[in-house]
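Participant: Return a 3D structure for these sequence lines:
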Amino acid sequence: MDSQHRPSPDSEQQTTSKKHRRGIGAIGWAVIGAVFFGSLLAIGILPRLSQKSELQAAVKEASTLPSVNVITPRRATGATKLELPGNVVALNQTTIYARSTGYLKRWYADIGDRVRAGQLLAEIDSPDTDQQVLQAKAEVAQAQANVSQTRANLAKSVSDLKQARANLLIARQSWQRWSVLVKQGAVPQQDADTRYATYQANLASVEAAQNTVNSDSANIKAAQANAYASQANFQRNTVLQSYKKVTAPFAGVITARNVNTGVLISAGNGNTSNSTSNTNTSSNTSLYTIAAYNNLNVNVSVPQSLSQSLQTGQTAQITVRELPQRVFTGKVVRTSNAIDPTTRTLLTQLEVQNLDATLRPGMYANVRFAINRTNPPFIVPDSALVVNARGTQVATVTKDHTVHYQKVAVGRDYGTEVEITSGLTGNESLIATPTVDETEGLRVQPVAQRK
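Facilitator: Okay, the predicted model is just below:
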């Protein structure tokens, strides 16, 4: 029985081989699993280690770069107020000069007086002008008498011409009759020749009378032209005589008087004596200066950047320091339509009603416009500007964190902020306060500045 149940050597060898194969399979699977999980760990850890290394290098580099505060330019509002200094001037102001030579007889208006149009301001005693008027009047009478005499001569010449033509007709008829009688042999040829000679004499008389009429007609035209010239000279001297009375050309206020009684006045550019002098010597000044106060003009110089925003008819508020409670309304009536190359401004003129004469020419005024801009500029702090030999610039920080200087054009200055009219798109990062250390191309670390 023991021999029956004991396993054979071959079966024992097979059993041992199977066990050996089972042991090798378990170890292999363990090794494969370890390699697989190790690969997964390598795939996940190595990139993280690489990123961490790069991050540490970037942090190290960033810690070594200089930090700068950066800002973003902001867009200005479309509606804005523009306040500019203005100069109040008279809408109509003129100086009055003499047109008649003589001595000042009397003056009737002084500085500050309100006068109406045509009001008498002064009188000039001009005897020379009076004599010229009398002489011109006598020349007119003489010329008119000459015309009358010439007309009378013409009438006599016309009458003589008619008589000569009548005599010519009789002489011709008589000669024609005697010619017939000569042919009939009733009268001798000599008598016919006598009649023919008489006819020829009357024919010459008619021609002479006609020439006289023509001459008298020319004389009367010359006499009439002379009469017209004399009349014109008389009227001219009469007008000059009327200039002895100096009147106001329009209603206004007398702002200057440069005449004294008894001073010698010369016609022309106003050679009068100065009212502040006690001597009657001549000087090149006007008699009066007069200004209209009902309507005044205010002249302002508008910057070129805003010149396109102003339109004719636009209104503005006008104030003066001496009248803090008053606000006047002005209307743009005209511009010079040309930019001053020196100041880069546009001369603009506003008209202001001044019926109560509160405003006075020569005043300094503040003019405030309300302007709507279709393309408002950008606004940056004035500390962001860099002004050097290259012009006005701003320091920008590019996407790769390098400094780049951008040239810009400056508009209005608000004190702590300025307008940038060109050179920016609005997406730039500007160094808030650039220094000489921030050179072109320098790598920096931008830090957004808190508002």
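
Participant: Relative to the whole chain's centre, how far out is the helix or strand harbouring residue 134?
Facilitator: Element membership for residue 134, per DSSP states H and E: helix 127-184. Helix 127-184 sits 67 Å away from the centroid of its parent chain (C-alpha atoms, centre = their mean, to the nearest Å).

Participant: what's that helix packed up against?
Facilitator: strand 102-107, helix 189-242 (3 or more C-beta pairs under 8 Å, 6 or more residues apart in numbering; DSSP states H and E). C-beta here means a position set from N, CA and C on the backbone, and glycine is covered the same way.

Participant: repeat that with 7 Å
Facilitator: In terms of contacts (3 or more C-beta pairs under 7 Å, 6 or more residues apart in numbering; DSSP states H and E), helix 127-184 is packed against helix 189-242.

Participant: Output the below-cut-off pLDDT ranges for this protein.
Facilitator: Residue ranges of the chain with pLDDT under 70: 1-31, 33-63, 269-285, 450-451.

Participant: Pick out the residue nearest the middle of it.
Facilitator: The centroid of the chain falls nearest to residue 336 when counting by C-alpha atoms, centre = their mean (0.2 Å).

Participant: Now it. Nearest residue, chain neighbours left out?
Facilitator: residue 347 (4.1 Å; C-beta to C-beta, 6 or more residues apart in numbering).

Participant: Pretty sure the one you found sits in a helix.
Facilitator: No. Read with DSSP: H, G, I helix; E, B strand; the rest coil, residue 347 is strand and lies in no helix.

Participant: contacts for stretch 168-179?
Facilitator: Identification of contacts with stretch 168-179 by C-beta atoms under 7 Å, 6 or more residues apart in numbering yields 187, 191-192, 195-196, 198-199, 202-203, 206.

Participant: Please read the previous query as pertaining to stretch 85-98.
Facilitator: The contact list for stretch 85-98 (C-beta under 7 Å, 6+ apart) reads 124, 246, 249-250, 265-267, 269-270, 272, 286-292, 295-300, 318, 351, 359-367.

Participant: Okay, buried residues for that stretch please.
Facilitator: The neighbour-count check on stretch 85-98 (16 or more other C-beta atoms under 10 Å) flags 86, 88, 90-94, 96-98 as buried.

Participant: again, but for stretch 256-267
Facilitator: Buried, per 16+ other C-beta under 10 Å, within stretch 256-267: 256-260, 263, 265, 267.

Participant: Mind picking the two most distant members of those residues?
Facilitator: Taking C-beta to C-beta as the measure, the buried residues of stretch 256-267 span a maximum distance of 19.7 Å, between 256 and 267.

Participant: Let me know the closest of the buried residues of stretch 256-267 to residue 134.
Facilitator: Closest approach between the buried residues of stretch 256-267 and residue 134, by C-beta to C-beta: residue 267, at 18.7 Å.

Participant: one step back: buried residues in the strand or helix carrying the residue nearest to the centre of the chain?
Facilitator: In this structure, residue 336 sits in strand 323-339 according to DSSP H and E. By 16+ other C-beta under 10 Å, the buried positions in strand 323-339 come out as 328, 330, 332, 335.

Participant: would a markdown table of the residues you listed with distance to residue 151 be doable?
Facilitator: Output for those, formatted as a markdown table (distance: C-beta to C-beta, whole Å):
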| residue | distance to residue 151 |
| --- | --- |
| 328 | 69 |
| 330 | 66 |
| 332 | 65 |
| 335 | 63 |
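
Participant: of all these, which comes closest to residue 444?
Facilitator: Within the buried residues of strand 323-339, the smallest distance to residue 444 is 46.8 Å, found for residue 335 (C-beta to C-beta).

Participant: Would you mind confirming that the closest one makes contact with residue 346?
Facilitator: Yes. Assessed by C-beta atoms under 7 Å, residue 335 is found in contact with residue 346 at 5.7 Å.

Participant: Export the buried residues of stretch 85-98 to TSV and append columns for secondary structure and distance to residue 428.
Facilitator: Compiled in TSV, those are given as follows (DSSP: H, G, I helix; E, B strand; the rest coil; distance: C-beta to C-beta, whole Å):
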residue	secondary structure	distance to residue 428
86	strand	37
88	strand	44
90	strand	50
91	coil	49
92	coil	53
93	strand	52
94	strand	56
96	strand	63
97	coil	63
98	coil	69
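
Participant: Make a markdown table from these and add distance to residue 390 to it.
Facilitator: Below are the buried residues of stretch 85-98 laid out as a markdown table (distance: C-beta to C-beta, whole Å):
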| residue | distance to residue 390 |
| --- | --- |
| 86 | 35 |
| 88 | 42 |
| 90 | 47 |
| 91 | 47 |
| 92 | 50 |
| 93 | 48 |
| 94 | 51 |
| 96 | 57 |
| 97 | 56 |
| 98 | 61 |
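
Participant: Next up, the contacts around residue 154.
Facilitator: Taking C-beta under 7 Å, 6+ apart as the criterion, residue 154 is in contact with 213, 216-217, 220.

Participant: how close does it get to residue 160?
Facilitator: Separation of residue 154 from residue 160 (C-beta to C-beta, to the nearest Å): 11 Å.

Participant: Then residue 361?
Facilitator: From residue 361 over to residue 160 the distance is 75 Å, taken as C-beta to C-beta.

Participant: One more: residue 89?
Facilitator: Per C-beta to C-beta, residue 89 is found 74 Å from residue 160.

Participant: Looking at the buried residues of stretch 256-267, which are in strands?
Facilitator: Among the buried residues of stretch 256-267, the ones falling in strands (DSSP state E) are 256-257, 265.

Participant: Need the residues you listed in a markdown table (columns: distance to residue 150).
Facilitator: Converted to a markdown table, these look like this (distance: C-beta to C-beta, whole Å):
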| residue | distance to residue 150 |
| --- | --- |
| 256 | 54 |
| 257 | 53 |
| 265 | 42 |
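
Participant: Out of those residues, which comes closest to residue 229?
Facilitator: residue 265 (28.4 Å).

Participant: so what's that closest one up against?
Facilitator: Shown in contact with residue 265 (C-beta under 7 Å, 6+ apart): 98, 101-104, 124, 272.

Participant: Tell me what the residue nearest to residue 363 when sequence neighbours are not counted is bridged to.
Facilitator: The shortest distance from residue 363 to any residue other than its chain neighbours is 4.1 Å, reached at residue 88 (C-beta to C-beta, 6+ apart). As for beta bridges, residue 88 partners with residue 298 under DSSP bridges.

Participant: about what we covered before: buried ones only from the contacts of stretch 85-98, please, as a PyMOL command.
Facilitator: Restricted to buried positions by 16+ other C-beta under 10 Å, the PyMOL selection for those reads:
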select buried, resi 124+246+249+265+267+270+272+286+287+288+289+290+291+292+296+297+298+299+300+318+351+359+360+361+363+365+366+367
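
Participant: can you tell me which of the contacts of stretch 85-98 are in strands?
Facilitator: Reading strands off the contacts of stretch 85-98 with DSSP E, I get 124, 246, 265, 272, 288-291, 295-300, 318, 351, 364-367.

Participant: Please report how far the closest residue to residue 137 other than its chain neighbours lies from residue 341.
Facilitator: If the residues on either side of it in the chain are set aside, residue 137 comes closest to residue 234, at 5.5 Å by C-beta to C-beta, 6+ apart. Here the criterion is C-beta to C-beta. By it, residue 234 lies 54 Å from residue 341.
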